[in-house]
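> The amino acid sequence is not available; the structure is as follows:
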Ligand code: CA
């Protein structure tokens, strides 16, 4: 019966007549077949030097993954900072549709969107594991999408470095007084806290840090952690390497997709972009977790870097200032208020459980090392 109707519809169609619902179905299927055969060529701009270990390699791997998963239907050319647009021009380039994709960090755009910092890192905030929990299962992702929607952008989690290092200094930090007047490269909310603590915070792209420190444009810097910091050679221009990275306890990096470009893709390619971003998000953390310790050993044993822990009272004071700074963002507007409340509620809840799970376990493991 169905075959008969189809045949009639086809005949009617060939006769240039219209009005057959079955024929519409056939047309729809042809359209979607044609659409899924189409090949797309996208460009991705990034805030890192291309192929920088960790941060710069991840988007290249993502592009390769997407090309393979789509069987060559979606091909992405990756550009390092400054090749098409400057590092800090990535947001606007994707927002305006000049390119389809970007890879960077949301807190770079805090001048435009103060609440964006919540989606990268909050001083004394969530770890990598907790950020993934909040974003993917705790309501964070929907808020991030809402924040970026007016800019024609779809955000996706695109990597995490794990807990970073507090940074590189050419003098010891024994009290908060030692931060007074210090000019440091430290972006995001960490920079605002540093500023309130008496220092001068500047944000410069990763690729310019070494020269800035070498020439004395800045006195100190934070970047990422041993794996990335060794790649930049920061041990050649600073003597003391401080931990822990109170300012970035588990920063999430971002993939931003131009909304119109994303919506122009067939559903399967859209899902491939999302799944590749998820894979990239997991893989980067795994890579930093694996490589940081070996890089730290090289920095300390081969390059004789002086490893130092920030004193407890310095950390305690920075934590008090951080709470003020973070609360201050909530006053920006109604959406910032909701983002702050969601983040803060999640942080409180996850901290309680992690006291008796992650921290209790790590403490127990440290008390009974396998080597003994
Ligand atoms: Ca950093």
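Arrived safely. Every value quoted in this text rests on a predicted model; they were computed, and no experiment measured them. Numbers count the residues shown, from 1 in each chain.
> Tell me both backbone torsions, phi and psi, for the residue in the stretch 51-200 of the chain positioned nearest to the ion.
Closest to the ion within the stretch 51-200 of the chain is residue 164: 4.9 Å, counting by CB to the ion. C-betas here are computed from N, CA, C, even on glycine. Here is the backbone geometry of residue 164 (degrees, to the nearest 10): phi -90, psi -180.
> list the contacts for it?
222-225, 245, 247-249, 251 (CB atoms under 8 Å, 6 or more residues apart in numbering).
> out of the residues you listed, what pair is the most spread apart?
Taking CB to CB, the two most distant members of the contacts of residue 164 are 223 and 249; they sit 15.2 Å apart.
> How much space separates the spatially closest residue to residue 329 that is not a sequence neighbour from residue 234?
Nearest non-adjacent residue to residue 329, counting by CB to CB, 6 or more residues apart in numbering: residue 114, 5.0 Å away. Look at residue 114 and residue 234: by CB to CB, to the nearest Å, they are 29 Å apart.
> Paired strands for whichever strand or helix holds residue 43, with orientation please.
Element membership for residue 43, per DSSP states H and E: strand 40-46. Sheet pairing here is set by DSSP bridges, and for strand 40-46 it gives strand 74-79 (parallel), strand 101-104 (parallel).
> What's the first helix or strand after the shortest one?
I take that to be strand 101-104. Downstream of strand 101-104 (by DSSP H and E), the next one is helix 128-137.
> what mean pLDDT does that following helix have?
Averaged across helix 128-137, the pLDDT comes to 98.
> Could you do stretch 322-333 as well?
92.
> Start the count at 37 instead of 1 going forward.
With the count now opening at 37, the last piece we talked about shows up as stretch 358-369.
> For it, which outside residues touch it?
By CB under 8 Å, 6+ apart, stretch 358-369 touches 150-151, 153-154, 158-161, 225, 228-229, 232, 282, 372-373, 375-377, 380.
> Mark which of those residues are buried, thanks.
150-151, 153-154, 158-161, 225, 228-229, 232, 282, 372, 375-376, 380 (16 or more other CB atoms under 10 Å).
> Break this structure into its domains for me.
75-196+287-324, 203-284+327-389 (automatic domain parsing).
> Return the most buried member of the ones you listed.
domain 75-196+287-324 (a mean of 20; mean count of other CB atoms under 10 Å).
> Show me the shaky parts of the protein.
Across the chain, the ranges flagged by pLDDT under 70 are 37-71, 403-408.
> Which positions in it make contact with the ion?
200, 258, 284 (CB under 5 Å from the ion).
> wait, isn't the last one in contact with residue 225?
No - in this structure residue 284 lies outside contact range of residue 225 using CB atoms under 8 Å: 9.2 Å.
> which residues are common contacts for the two?
Contacts common to residue 284 and residue 225, judged by CB under 8 Å, 6+ apart, are 157, 159.
> What does whichever residue of the stretch 287-408 of the chain sits closest to the ion show for phi and psi?
The nearest approach of the stretch 287-408 of the chain to the ion comes at residue 287, 6.4 Å away (CB to the ion). Main-chain torsions, residue 287, degrees, to the nearest 10: phi -70, psi 130.
> now do residue 273
Torsion angles, degrees, to the nearest 10, at residue 273: phi -120, psi 10.
> Kindly report the same for the one 5 residues further on.
Taking degrees, to the nearest 10, you get phi -100, psi 150 for the backbone angles of residue 278.
> What are the boundaries of the helices in the protein?
38-50, 57-73, 93-105, 126-131, 164-173, 176-184, 224-232, 245-250, 262-268, 295-300, 303-333, 348-365, 370-390, 396-403 (DSSP state H).
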